[in-house]
Structures are given as C-alpha cells and as structure tokens.
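# what shape does this take:
(chains A and B)
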2 protein chains.
Amino acid sequence: MARTIGSHGPTTMEAIRKAGLRLIFEHGYEAMSLRQLAAEVGIQPGSLYNHINTKQELLSDLIQDHINDLLRELEEALRDKQTPVERLRAFVAFHVSYHMTRKREVFIANSELRSLEPRNYEAVVALRGAYERRLADILSDGMSDGVFDVVDLQVATFAIIALLTGLCSWYRPGGRLTKEAIIAAHEKLVLSGVMPQGASPGGGHPGQGTRE
Amino acid sequence: MARTIGSHGPTTMEAIRKAGLRLIFEHGYEAMSLRQLAAEVGIQPGSLYNHINTKQELLSDLIQDHINDLLRELEEALRDKQTPVERLRAFVAFHVSYHMTRKREVFIANSELRSLEPRNYEAVVALRGAYERRLADILSDGMSDGVFDVVDLQVATFAIIALLTGLCSWYRPGGRLTKEAIIAAHEKLVLSGVMPQGASPGGGHPGQGTRE
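Numbering: from 1, shown residues only, chains lettered A, B, ... in the order given. Predicted structure coming up:
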C-alpha cells in the first residue's frame, strides 16, 4: 500500500485504515464512500489519494494484512509444539485469543469477500487456504498417529475454524468468563470432538452408518 | 408485512423478497436502494409501496421469517426424539440440512444485524435466543444425565451453532460429499465434542486446570 514520505504519512495511513475498518464494519464496503472515509479521518477527500490508490485496495489490504498476521502469529504459537494433541491445543488457544481482539477484521474478511475484485479475491482465498492447511495438517498427523478420528478431514477443518471463530459474534471484553475459561471451553469441544469414540456413552460411532 | 389484495399481490411480494434477499446478499443492506430493488423486480419504484412499507421492514421480515421457519422446523425434527443423545443428533442433522438450502438468509441474518433498528434488532435477538435455548436445553439435559460434559453451557451452545452454520461458507450442491456424509462428519465432531473424556488418549481433560 502506498505511503507518503512526509512526517505524518504513517499516522494518517493508520487513521485511514482504522476509519475504513470501522466504516466497512458498520455500513458495508459498498455503502462506504471515500468522501465519508476522508471526513471520518478529518482530511480532504483529495488527500486520501496521497495514501491509498482505491477503495478496493484498502479493503484488500485490510483483509490480507489480517490473514498474514494470523499466519505469522500462528507459526509462533505452534513453535516447539510437537505432538498433534499439543499442536491442536495450541491452535485452539491461539485462534480464540487472537479473535478476541480482531472482531472487525474477522467480520470484514467473511462478509466482504463478495466485494473483492477477482485478483484480490484469489489472493485472499489462497491466504485463507494456507491458514486452513495448518489445521488440516495437524488433524491429518493426529489421524496417522491414531490419536484423532474425524469422518472427513476437510469438513472437520472448516467446522473447527467456524466453531472457534464463532466467538466473534458474542465475545465482549469484561464478560462473565475469563479468557482462560473461554479457551478451556473451546479446547474441550475441539479436542473431544476429534478423539476416537471408543468409550462414548450411549452407543456407537454416531453417523457411522452413513460414513463415506 | 402488507400485501395487496389484487391477483398479483402475493406473486409480486414473493419476487420482491427474492430480489431483496439477493441484492442485500450481494451488495449489503445499506447499499441497496429501493429504486434498484424495483428495477430488479421489474416494477415502478412507487409500486413497491403497494407491497412493503420500508426497506427496514423488508430486512426485518426476511430475517425474522428465516428464524421462525428454523424454529418451527426444528420442533418437527425433534418430535419423538427422547434422549439427549438422540435429540442432539437430530439437532445436528436438522441444522446442517436446513442451512444447505438457506445460505443467503443465514448470511444476511448474521451480517445485517447491524442494520436493524432497535425494535427489530431486539425481536431478532429474542428469536435467535429461543433457537439457541433449544440446543442449550438438550446439552443441559445430557449433562444432568451424565452423558454429556461441557466446560461452559453457553459457550458450548454458541460454539456448536457456529460449527454447524459454518458450512454456509463452503457448501455447494453437487460437491464431493453427499448430504449424508456431510451430516455424519458434523455429527461426529459435535457428539464426540460433548462426550465425557474419560478415555481420551494423550492425557486428561484439556483445560481442566483453568475451568471456572
């Protein structure tokens, strides 16, 4: 993304990104005008072009930077975690913690895929795919080791990410539960969810009859 | 919602709802103009008011009708299901099947809560709460019976609904998996996820140390 060299360049750019994030979150990308964005930042509409080329570029950068951050910080969270169980726990704790702080980015990354031009859409889908593959690899390793059992690797990957991302729709800082308690609640669901069901009460493997 | 008595009233109303659903899904509520909606339906803008009072009313009706359908059909799906395990399986199969057919409604119900006026927002949140309570009751009954074990009932309820609704972001009819296989994959994750973890490989109850 273009940045001016002047002393207030990065600061103004940061203000534009923040304002853009908020306006897209509240009104939708298509409803946000650059005039509105400039007013929100407190600059003249024409001055926006010292910082961004197009509204599309702003949206694409907001989403791509979000997923790039996610990928980079996930690497950090998985470092030194060896077994599939340890790695899955670390994935859950990381994803939940991170999403507690990025509600707007997550919302936009999901709801405004529709507004990305083809080239940007493909770039975002590729980045998202890279993140999903990290989880799929953990699940796949656990299945090879016999510690995990999922019916379909791809469905399980998508479903677990959806489960963990769901907290963006209800989480508010300072609520009833501590961050640790929220992580623990998600960990139990996900870790149990992928365990073999040898000892399940109430009957055999659910859905086994329809398994492909 | 107001309907005209003329012979084409219901048909036009249905066309307005369909066009509104599609336009809001593709562009966002705020970006959709009533002029655009009328053009999409093939009527004069002024004629819209024979069928709807406001754009807000259309949005609110689309979302409320969706959740009312969901609630009514869930009752049907749970009828005759007795044990918590049977009821949870029925909930999963119903929610997944239903959401395969209502991708646009689900997207709008999640992304355009922001656009609902306070009275409509409260009505939608109450309906959604009623749906969530059906699942929370099943989980709670299973915990009383000792067949389910979740760390936090509310987090588990939200997380399971998010897990199941996630398929709206990737499901396409005619894909790799049959409907039955997709249901089975979700069933395994959810049913295992809420089971007590007595026989878990790789150690004790994850996150037990941080349980509230």
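# how near is the most centrally placed residue in chain A to A:A77?
Compute the mean C-alpha point of chain A, and by C-alpha atoms, centre = their mean the closest residue is A:V106, 5.4 Å away. Taking C-beta to C-beta, to the nearest Å as the measure, A:V106 and A:A77 are separated by 17 Å. Heads up, the C-betas are built off the backbone N, CA and C, glycines and all.
# tell me the mean pLDDT for the helix or strand in which A:L74 is found?
When elements are defined using DSSP states H and E, A:L74 is found to belong to helix A:55-78. When pLDDT is averaged along helix A:55-78, the result is 96.
# can you list contacts of it?
Residues from elsewhere that reach helix A:55-78, judged by C-beta atoms under 8 Å, 6 or more residues apart in numbering or on different chains: A:1, A:16-17, A:20-21, A:24, A:29, A:32, A:34, A:37, A:52, A:87, A:90-91, A:93-95, A:98, A:102, A:105-106, A:108-109, A:112-113, A:115-117, A:120, A:123-124, A:127-128, A:130-131, A:134.
# after that helix comes which helix or strand?
The first helix or strand that comes after helix A:55-78 along the chain, using DSSP H and E, is helix A:84-100.
# list the helices and strands that following helix packs on?
Using 3 or more C-beta pairs under 8 Å, 6 or more residues apart in numbering or on different chains; DSSP states H and E as the contact criterion, the elements in contact with helix A:84-100 are helix A:55-78, helix A:118-145, helix A:153-165, helix A:179-194.
# quick one: these as TSV, columns for mean neighbour count and distance to B:D145 too.
As requested, those are arranged in TSV below (neighbours: other C-beta atoms under 10 Å in any protein chain shown; distance: least, C-beta to C-beta, whole Å):
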stretch	mean neighbour count	distance to B:D145
helix A:55-78	17	37
helix A:118-145	16	29
helix A:153-165	23	24
helix A:179-194	24	17
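# just to revisit the earlier point, so what's the gap between the helix holding A:L74 and the chain middle?
Average the C-alpha atoms of helix A:55-78, do the same for its chain, and the two points are 8 Å apart (C-alpha atoms, centre = their mean, to the nearest Å).
# same check, this time on stretch A:30-49
Its chain's C-alpha centre lies 27 Å from the corresponding centre of stretch A:30-49 when counted by C-alpha atoms, centre = their mean.
# name the residues that touch it?
Stretch A:30-49 is contacted from outside by A:12, A:15-16, A:19-20, A:22-24, A:55, A:115, B:27-28, B:30-31, using C-beta under 8 Å, 6+ apart.
# PyMOL command for the buried members of the residues you listed?
To isolate the buried subset of the contacts of stretch A:30-49 in PyMOL, counting by 16 or more other C-beta atoms under 10 Å in any protein chain shown, use the following:
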select buried, (chain A and resi 12+15+16+19+20+23+24+55+115) or (chain B and resi 27+28+30+31)
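# ok, which pair from the contacts of stretch A:30-49 is furthest apart?
Based on C-beta to C-beta, the longest span within the contacts of stretch A:30-49 runs between A:T12 and B:H27 and measures 29.1 Å.
# find the helix or strand that the nearest residue to A:A19 once chain neighbours are set aside is a member of.
In space, not counting the residues next to it along the chain, A:A19 is nearest to A:E40; the distance is 4.1 Å by C-beta to C-beta, 6 or more residues apart in numbering or on different chains. Following DSSP H and E, the helix or strand that holds A:E40 is helix A:34-41.
# could you chop chain A up by domain?
By the assignment in automatic domain parsing, chain A contains the domains A:1-53, A:59-196.
# follow-up on the earlier one: CA atoms of the helix holding A:E40 as CSV?
Taking C-alpha atoms only, helix A:34-41 is exported to CSV below (Å, rounded to 0.1, in the frame of the first residue of the first chain):
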residue,chain,number,x,y,z
LEU,A,34,-14.3,7.8,0.0
ARG,A,35,-15.8,11.1,0.9
GLN,A,36,-17.2,9.6,4.1
LEU,A,37,-13.9,8.0,4.8
ALA,A,38,-12.0,11.3,4.4
ALA,A,39,-14.5,13.1,6.7
GLU,A,40,-14.0,10.4,9.3
VAL,A,41,-10.2,10.8,9.2
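# just the angle between it and helix A:55-78, please?
Computed by axes from the mean of the first three to the mean of the last three C-alpha atoms, to 10 degrees, the angle separating helix A:34-41 from helix A:55-78 equals 60 degrees.
# give me the average confidence score over helix A:34-41.
The predicted model gives helix A:34-41 an average pLDDT of 95.
# list the buried residues for that helix?
Judged by neighbour count (16+ other C-beta under 10 Å), helix A:34-41 contains these buried residues: A:L34, A:L37, A:A38, A:E40, A:V41.
# from those, which single one is nearest A:T178?
Taking C-beta to C-beta as the measure, A:E40 is the one of those closest to A:T178, at 34.4 Å.
# what about chain A, any weak spots by pLDDT?
Across chain A, the stretches falling below the confidence threshold (pLDDT under 70) are A:1-9, A:198-212.
# can we see that at 80?
Applying pLDDT under 80 to chain A flags residues A:1-10, A:197-212.
# give the other helices and strands that the helix or strand harbouring A:T11 contacts.
Under the criterion of DSSP H and E, A:T11 resides in helix A:9-27. The elements that helix A:9-27 packs onto, with contact taken as 3+ C-beta pairs under 8 Å, 6+ apart, are helix A:34-41, helix A:55-78, helix A:103-111.
# for A:F158, which of those is the nearest?
Within these, the stretch nearest A:F158 is helix A:103-111; the backing value is 12.6 Å (C-beta to C-beta).
# now that closest one against helix A:55-78, angle please.
Calculated by the same axes, to 10 degrees, helix A:103-111 forms an angle of 110 degrees with helix A:55-78.
# what residues sit buried inside helix A:103-111?
Along helix A:103-111, these residues count as buried under the neighbour rule (16+ other C-beta under 10 Å): A:R104, A:E105, A:V106, A:F107, A:I108, A:A109, A:N110, A:S111.
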